[in-house]
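A.B. asks: the following comprises the amino acid sequence and a computationally predicted model.
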Amino acid sequence: MAGHSKWAQIKHKKAIVDARRGKLFSKLAKEISVAARLGGGDPSMNPRLRTAIEKAKEANMPQDNIKRAIQKGTGELPGAAYEEAMYEGYGPGGVAMLIEVLTDNKNRTVSEIRHLMSKHGGSLGEAGCVSWIFEKKGYILVNKSTIDEETLMDLIIEAGAEDMKNDPKEENYEIITASEDLQQVRDRLKEKGVKIEVAEITMLPKSYVSLEGETAEKMLKLMEVLEDHDDVQNVYANFDLPDEVMAGVEK
């Protein structure tokens, strides 16, 4: 899962930049509102809302913004009614892609997504064309400098994690959980003072497509423009890129 690990770290760093211009806060507020609408406004009884609030706090989103987003979701304040949608398609080099959106106008959004895909070497496909390649999982990255492998393994097994990867070439351990167990594993690590780099619900690919050269550059550009779209919450793709290409993106 080297490709997933690298991209998760890059996204985490980019989120800090996005927060400065408010775009990230808007996307986080949408997710909080939808989570509150679907599961209620009490995060202790709504795991999706709790995860969304944690993510917002990590991005230093003001507490008032979080509160308003919850109130819009529960109907205490007026707000747009966002719908969830997942689009499937292919990127350059045959990369499988899932595009998760929250929108108040599905027709507009799908038209814009189709245009971006076509413009950057991709194409939208039919429902089910690539979703079978992905699994919904909890995903945690922990820097290797903060804890040894054996201690971490004991902690996550006790907390209910499914697996842990330790790629010698990577700087982080990758921890995989069932999506519903992410919060309890995360909480256990925090209780023990383990610094978490990334903790999120994600769609993990079962296999990867290796890209190089111009195809790799096109794929990265497509990811960038899609994630910059106001209605796009997450983009999942099964690409793996050479270290030198990833290093260039991080700068």
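C.D. replies: Received it, and whenever you're ready, just let me know what you need.
A.B. asks: can you pull out the strands in the protein?
C.D. replies: 83-90, 96-103, 123-124, 134-143, 163-165, 172-178, 196-205, 209-210, 232-237, 239-240 (DSSP state E).
A.B. asks: I'd guessed residue 48 sits against residue 36; true?
C.D. replies: No. Contact criterion Cβ atoms under 8 Å: residue 48 and residue 36 do not qualify, at 9.0 Å. Heads up, the C-betas are built off the backbone N, CA and C, glycines and all.
A.B. asks: these two - which one has more neighbours?
C.D. replies: residue 36 (25 against 19; other Cβ atoms under 10 Å).
A.B. asks: and the closest residue to that one other than its chain neighbours, how many neighbours does it have?
C.D. replies: Leaving aside its sequence neighbours, residue 36 sits nearest to residue 73 (Cβ to Cβ, 6 or more residues apart in numbering; 2.9 Å). Residues lying near residue 73 (other Cβ under 10 Å) number 28.
A.B. asks: and the helices in this structure?
C.D. replies: In the chain, the segments counted as helices under DSSP state H are 2-20, 23-39, 47-58, 63-74, 106-119, 149-159, 182-191, 213-227, 243-250.
A.B. asks: nearest to residue 174, out of the ones you listed?
C.D. replies: Checking those against residue 174 by Cβ to Cβ gives helix 2-20 as the closest, at 5.5 Å.
A.B. asks: what about the closest one, average pLDDT?
C.D. replies: Taken as a whole, helix 2-20 carries a mean pLDDT of 60.
A.B. asks: and what of stretch 112-126?
C.D. replies: pLDDT averaged over stretch 112-126 gives 96.
A.B. asks: again with stretch 226-237
C.D. replies: 92.
A.B. asks: quote the end-to-end distance of that stretch.
C.D. replies: In stretch 226-237, first residue to last residue: 12 Å (Cα to Cα, to the nearest Å).
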